[in-house]
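> Quick one: sequence and predicted model below, then my questions.
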Amino acid sequence: EQQETDSAEEQKEAEAAAAPGEETPSDKSTTVEAPDTEDSTAESVSDSDAGTQDAGADDEKKAAVQKVQALINALPETVTVENAESVSAQLEAIDEAMAELTKEQIAELDMTRLHTISEAMNAPMMVAEQHTHCICGMDHHEVGGHKCDDKTTFNKWTSANKLPTRGTYYLTQDVTLSAAVVLDDDLTLCLNGHSITAQPANASTAINGAIVVDNSEHTFTLTDCNGDGGKHKFTANVDKGNLWEPDTAGDIEVTGGVITHSKDGGGFGIFVSNGKFVMYGGTICGNTTGNCGAGVHVTSGAFTMYGGAIRGNYDASYYGGSVYMDTNSSFTMYDGEISDNTVDTNGGGVYVNGDTTTQDGDGGSFTMNGGTISGNTANKNGGGVFVNGDTNNLNGGGGSFTMNGGAISNNTTAGSGGGVYANPHAEITMTDGRISGNKAEINGGDANNYLRGGGGVFLSFTAKFTMSGNVVISGNAAPNGYGGGVCIY
């Protein structure tokens, strides 16, 4: 009995000496459980509950990611002045939703559109300030009644292989097109010093008009502020009518934006059918066609030129090395330059067609109030301007040319009319301006040997020429023919 008493007392002393929380022999004896009892069952139930909880948590995480992705997908493709405020609200909502996500969840998002829009919205008014200017360019100049009462804000266009078909945009990089861009509404485009190059899939496929306006309700307005300081080089191909071909090592340099074709590409620069084309800036150059009007072709439409240049284009077969105006079309030139273009037939600079096939049509018209037409070449007639008449004398629907200002100078033709050539029933009216330094070579370029002369102006048969006001026709030559200044035949 004494031994049992001593043993019980020793156990109590050991329990009293044990540190708080430390197991004692009696604790151990009371916590021992046989295997495969109720506790293992409880453990199994607990694991099941944890699995269910984990699955629910995963579903919640996925739902959170999907919610944010939906907000990102709802962002517009571009930012404009009109939608900038609503886009800003969308971005705030996305930021709030993303704050609830983990890094792992954020990594699951497609952030492409968010990054694009966020960049565009980075000080959105700064974007507008960087590209807000008069429609005529960075430095406004009044010409042809054009005034800069309100400046134009251009939206950013970032694609390198397509153009907008409507709206008001400026380019941020050079653009290469594999097909013509056809407008579906009005488009105002600032080249911003960049190039638009029409590059067909193969040399036998022409892109007739890098930009096409084929609706009477649509207008294409072209300008260039050269905000990015663009410079583009070309080489004149003597085997292709001195066509300017893109060449990074070329000796011809154009400052500012250009619309051109690739080296092996063909087609018009701009094609207008029933629509309108207004040009304030940029250079249309290096385009070639076997049709009419390598630079700008207009049929039943209107072309107004306030500035810019049309240069280095080549028509290999028909009419108008630079500009072709078909019947029922009008061209008004207030300023700008048409130079260094070549045609294998008639109208090195501008060709104005007459109505030769119907009895109710009107010939094309060209009104020149300013600008220059210089250095163009026709391998037949009309080095600077060729005006076709109503050759069938059906209703007097011949083409017309009115010169109220500007200069036609230093153009050359292998046939007649170094500066201007007028066909039967065409009309020329000159109230101001200068026609000087042009030459009619008369070297066999004209198939009709009796049409010879007119270094400045040549009038064929019933063509009509009316002069008044401050007109200058001087320094022209027809070294192998008649009428250095004007020849009426």
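Structure received.
> pLDDT below threshold where in the stretch 1-150 of the chain?
For the stretch 1-150 of the chain, the stretches flagged by pLDDT under 70 are 1-54, 122-130.
> Helices of that one, start to end?
Counting by DSSP state H, counting those that start in this stretch, the stretch 1-150 of the chain has helices at residues 2-17, 25-31, 38-73, 84-98, 103-107, 112-120, 124-130.
> Now do the fifth one: everything it contacts.
In this case it means helix 103-107. Outside of helix 103-107, the residues that reach it under the criterion C-beta atoms under 8 Å, 6 or more residues apart in numbering are Lys61, Ala64, Val65, Met98. For the C-beta atoms, the positions are set from N, CA and C on the backbone; glycine is no exception.
> List only buried entries from these.
With burial judged by 16 or more other C-beta atoms under 10 Å, the buried subset of these is Ala64, Val65, Met98.
> Please tabulate these in CSV, including the columns distance to Asp344.
Compiled in CSV, those are given as follows (distance: C-beta to C-beta, whole Å):
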residue, distance to Asp344
Ala64, 69
Val65, 65
Met98, 64
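> can you tell me which of those lies nearest to Val181?
Top of the list for closeness to Val181, among those and by C-beta to C-beta, is Met98 at 37.5 Å.
> Now that closest one: closest residue in space that isn't a chain neighbour?
Excluding its sequence neighbours, the residue lying closest to Met98 (C-beta to C-beta, 6 or more residues apart in numbering) is Val68, at 5.7 Å.
> okay, which residue is most central for this structure?
Per C-alpha atoms, centre = their mean, the C-alpha nearest to the average position across the chain is that of Leu163, at 5.4 Å.
> Please report the distance of that one from Leu189.
Leu163 sits 7 Å away from Leu189, going by C-beta to C-beta, to the nearest Å.
> what's around the closest residue to Thr219 other than its chain neighbours, how many residues?
Leaving out its chain neighbours, the residue that sits closest to Thr219 by C-beta to C-beta, 6+ apart is Lys276, at 4.2 Å. As a burial measure, Lys276 scores 20 neighbours (other C-beta atoms under 10 Å).
> returning to that earlier point: what sits in contact with each of Leu163 and Leu189?
Listed contacts common to Leu163 and Leu189 are Trp157; contacts here mean C-beta under 8 Å, 6+ apart.
> Now do the phi/psi pair for Gly230.
phi -70, psi 140 (degrees, to the nearest 10).
> just checking, it touches Ser195?
Yes. With contact taken as C-beta atoms under 8 Å, Gly230 and Ser195 are classed as touching, separated by 7.1 Å.
> List the contacts of Tyr280.
If a contact means C-beta under 8 Å, 6+ apart, then Tyr280 has Ile135, Cys136, Gly137, His146, Thr221, Leu222, Thr223, Asp224, Tyr306, Gly307, Gly308 as its contacts.
> Met467 now?
For Met467, the contact set (C-beta under 8 Å, 6+ apart) comprises Met430, Thr431.
> what does Gly433 give?
Neighbour list for Gly433: Met368, Met403, Asn404, Gly405, Gly406, Ala407, Ile408, Val471, Val472 [criterion: C-beta under 8 Å, 6+ apart].
> Dump the helix or strand the last one falls within to CSV, keeping only the CA atoms.
Element membership of Val472, judged by DSSP states H and E, is strand 464-474. Output for strand 464-474, consisting of C-alpha atoms alone and laid out as CSV, is shown next (Å, rounded to 0.1, in the frame of the first residue of the first chain):
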residue,chain,number,x,y,z
LYS,A,464,-11.4,79.4,-129.1
PHE,A,465,-8.9,81.5,-127.1
THR,A,466,-10.0,84.7,-125.3
MET,A,467,-7.4,86.9,-123.6
SER,A,468,-7.9,89.9,-121.3
GLY,A,469,-6.4,91.6,-118.3
ASN,A,470,-2.8,91.2,-117.1
VAL,A,471,-1.7,88.3,-119.3
VAL,A,472,1.9,87.4,-120.1
ILE,A,473,2.9,85.0,-122.8
SER,A,474,6.7,85.2,-123.3
